[in-house]
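Student: Coordinates for the following, if possible.
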Amino acid sequence: MANALVSIQILPTTPGGASVLPYVDRAIDIIKESGVPYRVAPLETTMEGELSDLLAIVQRMSEAMAEMGCASVISQVKIYYNPENGASMGRLLEKYPDGQ
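Tutor: Next up, the predicted model:
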């Protein structure tokens, strides 16, 4: 059972002021490659899993931005941690399965 939800918005400083979209796409690819459940929203992406695993994904996303030539990156992260009862996007979204 997952014990955490981590939502992240990544804001890379792109080389030459390039569009951030390819960088955000790469960050989402890293989440996909990890195999954790996730949900993309307009301003952030939420992942579900073990807190240590999710934080490692956040670290990998930051490292990938540097590898792509970004001088720096700001990540706004929200963490819901519930080791006793677990954490589930589905449970929190039961009332709003379609986001409405």
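Student: Residues in contact with the longest helix along the chain: which ones?
Tutor: If you go by DSSP state H, the chain has its longest helix at helix 51-67. Contacts of helix 51-67 with the rest of the structure, by CB atoms under 8 Å, 6 or more residues apart in numbering, involve 3-4, 6, 8, 10, 12, 23, 26-27, 30-31, 34, 36, 47, 73, 75, 77, 79, 81. Every residue, glycine included, has its C-beta placed from N, CA and C.
Student: where exactly do the strands run in the protein?
Tutor: Counting by DSSP state E, the segments of the chain that form strands are 4-13, 38-40, 45-49, 72-81.
Student: could the ones you listed go into JSON lines alongside mean neighbour count and distance to Lys95?
Tutor: Converted to JSON lines, these look like this (neighbours: other CB atoms under 10 Å; distance: least, CB to CB, whole Å):
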{"stretch": "strand 4-13", "mean neighbour count": "20", "distance to Lys95": "16"}
{"stretch": "strand 38-40", "mean neighbour count": "16", "distance to Lys95": "15"}
{"stretch": "strand 45-49", "mean neighbour count": "20", "distance to Lys95": "16"}
{"stretch": "strand 72-81", "mean neighbour count": "13", "distance to Lys95": "16"}
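Student: can you tell me which of those strands comes nearest to Asp98?
Tutor: strand 38-40 (11.8 Å; CB to CB).
Student: pLDDT of the closest one, averaged?
Tutor: Average pLDDT, strand 38-40: 96.
Student: Sounds good, over and out.
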